[in-house]
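Participant: sequence first, predicted coordinates after that:
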Amino acid sequence: MPKKYRLHKKIGILFAFVLIFSFLSHSNPTQAQGSEETNYGQQNILLWEFDLKVKKPLLEINIPGLRFSNVVSTTNETGTYYFIPWIPELISALYNFGIGIVSIVAVIMIIVQGVHIIASRGGEGKSASYKKIGQALIGLLIAWGSFAILYNINPATTEFNALKVKTVEPIELDDESLVDLPEVSDTTPVGGGTGVIGSVIGAYPSRFAPCSKEGAQYAAQKLHDAAICVGPCNCAWSSSYFLNYIGCTNLKHGNTTKLEKLLEGIGWVRRPITKENRKNLPVGLLVGKGHVGVSLGNGLQFQSGGLKEDWKEMNQRGKGNCPAIGRDSYANPAPCNFCTKISGIRPIVSPEHKDGWNARCSSNQVWDKDTIWNTFWYDIISPPGS
């Protein structure tokens, strides 16, 4: 092999190493991190960051151009969604890195074969070098044209969408299906009067038909505004009192499962709650796991529960500081005086509540009117024909 040819070959190899080193050392990531507006696929969504305790992945091998973004979220009428962009970002970085490597290899091949052509004196060696240069150019064209090829085959193959995960909204409720509260004396006839609820908001107005949506929503709003707190595991009793007050039934029970069976025993109809019918439910008993409430119609609900947001709002509205935990209010009932309006089911019902009914019932509850929960309730039991 001529000395001149060997020299050119060494120079070509050295030049190739310089190119590779320069590429790996000076790659400048251009991907923005934590941007307010991110394009996921074909849809622009305005996102804001949540304070998630999620660590970004740490790769053992550094990939030039890869910089993982923060997890972001968006909330709409269907719930809260988190967008995890790490897998698409990794794929995109690998693709770009692969394109860069292919380009470097192709350039090196062209340079080396160019040196061969210059150093050769004709013959088959020169023709072979031209052929390899052509192959390198074709490979480079395929690599750079792969996006266009994939897009023409199926545009979806070129979209690197973030992983979209819907959160399961926590509902902090006690399981009341296994607890029987001592019965509270209430001889109020169906339709209200001056009994448990009537003593707080007055008699059920005669302008409303019994068990009507209008009457139910009126009563629920009055009770919501009154800032009423009750003891743990009172959802069945509270729902019973409410249905009695608005004229639906005179049945009462402190156990969720038994209340359901009693209502079905007098002819009330159980039906599943779906996404399609959730906003058009009749007045009736809402059934969830270990918890019940009342459907008010028009996508509204009344329930006695221990959600932190409702408890905080009640304390703010009543300018009080009643503790959310039953044992705390038993030890010091004074802070709950402002919201203790229902005789017999106040937050300090009995010593049993101090220990949370064997840990099944620990949270005091608030009487609350709200939009109907999207996923918690699974059945409604309502009067026949409703």
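Facilitator: Great, that's in hand. Numbering: from 1, shown residues only.
Participant: where do the helices sit along the stretch 101-250 of the chain?
Facilitator: For the stretch 101-250 of the chain, the helices identified by DSSP state H, counting those that start in this stretch occupy 124-153, 198-201, 213-225, 235-245, in order along the chain.
Participant: so residue 139 versus residue 101, what's the distance?
Facilitator: The span separating residue 139 from residue 101 equals 12 Å under the rule CB to CB, to the nearest Å. For every residue, glycine as well, the C-beta is placed using N, CA and C.
Participant: residue 271 too?
Facilitator: 61 Å.
Participant: could you give the mean pLDDT of stretch 298-309?
Facilitator: Summarised as a single mean, pLDDT over stretch 298-309 is 87.
Participant: for that stretch, output the C-alpha coordinates as CSV.
Facilitator: Once side chains and other backbone atoms are set aside, the C-alpha atoms of stretch 298-309 remain, and they are given as CSV (Å, rounded to 0.1, in the frame of the first residue of the first chain):
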residue,chain,number,x,y,z
ASN,A,298,-80.2,18.5,38.0
GLY,A,299,-76.8,17.1,38.8
LEU,A,300,-76.8,18.1,42.5
GLN,A,301,-76.5,16.2,45.7
PHE,A,302,-76.9,16.5,49.5
GLN,A,303,-74.7,14.5,51.8
SER,A,304,-73.2,14.3,55.3
GLY,A,305,-69.5,13.7,54.8
GLY,A,306,-66.0,14.5,56.1
LEU,A,307,-64.3,16.0,53.0
LYS,A,308,-61.5,18.4,54.1
GLU,A,309,-62.7,21.1,51.6
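Participant: buried residues, it. List them.
Facilitator: When burial is assessed from 16 or more other CB atoms under 10 Å, stretch 298-309 yields the following buried residues: 300-307.
Participant: output the below-cut-off pLDDT ranges for the stretch 251-386 of the chain.
Facilitator: Counting by pLDDT under 70, the stretch 251-386 of the chain contains low-confidence residues at 343-361.
Participant: and the strands in it?
Facilitator: The residue ranges that make up the strands of the stretch 251-386 of the chain, judged by DSSP state E, counting those that start in this stretch, are 269-272, 284-288, 291-297, 300-305, 365-371, 379-382.
Participant: kindly reformat the helices of the stretch 101-250 of the chain as a markdown table containing mean neighbour count, distance to residue 106 and mean pLDDT.
Facilitator: Written out in a markdown table, the entries for these read as follows (neighbours: other CB atoms under 10 Å; distance: least, CB to CB, whole Å; pLDDT from 0 to 100):
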| stretch | mean neighbour count | distance to residue 106 | mean pLDDT |
| --- | --- | --- | --- |
| helix 124-153 | 13 | 4 | 81 |
| helix 198-201 | 18 | 81 | 86 |
| helix 213-225 | 20 | 71 | 94 |
| helix 235-245 | 26 | 70 | 89 |
